[in-house]
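Visitor: What follows is a protein structure lacking sequence information:
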């Protein structure tokens, strides 16, 4: 025979302390302690709300404001879901319904979007939500459509937060820009690194392809929100021509780009047979690993001379944009910080996290849905990003950018 224990969920209410019985067996609680305590909390919550509603109804009756009129099925919001409960009713003397303030107070659904957002962004699909939702008791309002609606509300808030974020408050030193595909939809994303080495999602812009107009639209949006076009930033890109063109058009002579060295090495090695790739990968790594700009440049041109005899196309690939792959060398950035900023790994890692959060979406219906998901996933991931390695040298990078800007202005 199961032993039932009365748990005290009492509290101060209109001057009286009430003990509320929660009808859960001790055996059920001990069989799974964590879930058992959650059930106690759920049952206690329902019992407290029922007691509060009954107390309010009793006060109305004592004040002569009406009479009992039974109850009807209703719900309250408890632990991020709707839970069925009886709604007590009172009728006034002239036959009109008298709403209970207690019942209205516990129907607030502001927690539901946050709860749905948190679970879905952690990769719980709407198909599995009802079966897997934490602490499921007598809940409803957690159907696929209900969860989807609540997620849209929360994700739209994240998107608005991102699109209104002030860039001057972040004051980035380096900016990474790249594209992320969602089905047939492409989003161009910008991530900034501030002087303390912290990464921030700056914005996103939608386009069918990674063209100059789309990239320019993103940059102009950042300027509207506080990015200073008269300031020199270090733009880190994968070498896309459309992006280079857009940066040059918006920032003119102040545009300073570090081209991803990994993309450059990959492009060169793809021209070579498999037997030669390890040899030239080692030579390119050694060249880019040099501390001094002149030494790195000489080593790269020595590779070009060798490649001229083996594969002229590979030589032309290495020669194209070579100076942009050595921007950090030319600025004199420390080796540890250069290791963090010489590639687009920071933004590609962010995209990997976004992919993990969004892979369960089976069909991208439109741009609005895509932007909501991307913004939500990026901001969620942003909370977990670490500072870049060598971040203590970020002030030195800012000083080097200021010095380079002054040289550009003198030449102009």
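Guide: Looks like it came in fine. Note that the structure is a prediction, hence the values are computed from the model and not measured. Numbering: from 1, shown residues only.
Visitor: Pull the residues that contact the helix or strand encompassing residue 308.
Guide: In the assignment (DSSP states H and E), residue 308 maps to helix 293-310. Contact with helix 293-310 is made by 268, 272, 276, 280, 283-284, 286-288, 290, 314-315, 318-319, 322, 326, 329-330, 332, as judged by CB atoms under 8 Å, 6 or more residues apart in numbering. The way it works is simple: take the backbone N, C-alpha and C, and place the C-beta from them, glycine included.
Visitor: Among those residues, the buried ones, what's the ChimeraX command?
Guide: ChimeraX command restricting those to the buried ones, with burial defined by 16 or more other CB atoms under 10 Å:
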select :268,272,276,280,283,284,287,288,290,314,315,318,319,322,326,329,330
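Visitor: Quick one: low-confidence residue ranges for the stretch 201-350 of the chain.
Guide: Under the criterion pLDDT under 70, the flagged ranges of the stretch 201-350 of the chain are 208.
Visitor: Do a quick rundown of the strands in it.
Guide: 234-237, 256-259 (DSSP state E, counting those that start in this stretch).
Visitor: Could you report the separation of residue 205 from residue 297?
Guide: Distance, residue 205 to residue 297, by CB to CB, to the nearest Å: 34 Å.
Visitor: With neighbour numbers in mind, choose between those two.
Guide: Neighbours were counted for residue 205 and for residue 297 using other CB atoms under 10 Å; residue 205 has more, 22 against 18.
Visitor: residues in contact with the closest residue in space to the more buried one that isn't next to it in sequence?
Guide: Nearest-residue entry for residue 205: residue 218, 3.7 Å, with adjacent residues in sequence omitted and distances by CB to CB, 6 or more residues apart in numbering. Counting by CB under 8 Å, 6+ apart, residue 218 makes contact with 177, 188, 190, 203-205, 246.
Visitor: and the residue lying closest to residue 291 once chain neighbours are set aside, how many neighbours?
Guide: Nearest residue to residue 291, sequence neighbours excluded (CB to CB, 6+ apart): residue 335, at 6.2 Å. Neighbours of residue 335 under the rule other CB under 10 Å: 12.
Visitor: per-residue confidence averaged over stretch 100-113?
Guide: The pLDDT scores in stretch 100-113 average 66.
Visitor: For the residue lying closest to residue 337 once chain neighbours are set aside, what are phi and psi?
Guide: Distance criterion CB to CB, 6+ apart; nearest residue to residue 337, sequence neighbours excluded, is residue 390 at 3.2 Å. Main-chain dihedrals, residue 390, degrees, to the nearest 10: phi 80, psi 20.
Visitor: Let me see the confidence value for residue 390.
Guide: Predicted confidence (pLDDT) for residue 390: 94.
Visitor: Could you chop this protein up by domain?
Guide: 1-107, 109-164, 166-411 (automatic domain parsing).
Visitor: In the stretch 51-200 of the chain, what residue spans correspond to helices?
Guide: Secondary structure of the stretch 51-200 of the chain (DSSP state H, counting those that start in this stretch): helices at 101-105, 111-121, 126-132, 144-163, 167-170.
Visitor: Lowest mean pLDDT across those helices, which one is that?
Guide: Among the helices of the stretch 51-200 of the chain, helix 126-132 carries the lowest mean pLDDT (a mean of 46).
Visitor: isn't residue 76 right next to residue 103, touching?
Guide: Yes - with contacts counted by CB atoms under 8 Å, residue 76 reaches residue 103, the gap being 7.5 Å.
Visitor: what touches both of those two?
Guide: Common neighbours of residue 76 and residue 103 (criterion: CB under 8 Å, 6+ apart): residue 49.
Visitor: how about the helix holding residue 308: buried residues?
Guide: Within helix 293-310, the residues that qualify as buried by neighbour count (16+ other CB under 10 Å) are 293, 296-297, 299-300, 303-304, 307.
Visitor: Enumerate every residue touching the closest residue to residue 226 other than its chain neighbours.
Guide: Nearest non-adjacent residue to residue 226, counting by CB to CB, 6+ apart: residue 168, 3.1 Å away. Contact analysis of residue 168 by CB under 8 Å, 6+ apart lists 225-228.
Visitor: What of residue 247?
Guide: Shown in contact with residue 247 (CB under 8 Å, 6+ apart): 215, 219, 235, 237, 255, 257.
Visitor: Considering the residues you listed, which possesses the most neighbours?
Guide: Neighbour-wise, these (other CB under 10 Å) top out at residue 215, 26 neighbours.
Visitor: ok, residue 389 - contacts?
Guide: Contacts of residue 389 were listed using CB under 8 Å, 6+ apart, and they are 336-337, 339-340.
Visitor: List only buried entries from those.
Guide: Listed as buried from those are 337, 339-340; burial here means 16+ other CB under 10 Å.
Visitor: Could you list which of these belong to helices?
Guide: Of those, the ones assigned to helices by DSSP state H are 337, 339-340.
Visitor: coming back round to it: specify which member of the buried ones among the contacts of residue 389 is nearest to residue 386.
Guide: Closest approach to residue 386 among these (CB to CB): residue 340, at 10.6 Å.
Visitor: The closest one reaches residue 388, doesn't it?
Guide: Yes - with contacts counted by CB under 8 Å, residue 340 reaches residue 388, the gap being 4.1 Å.
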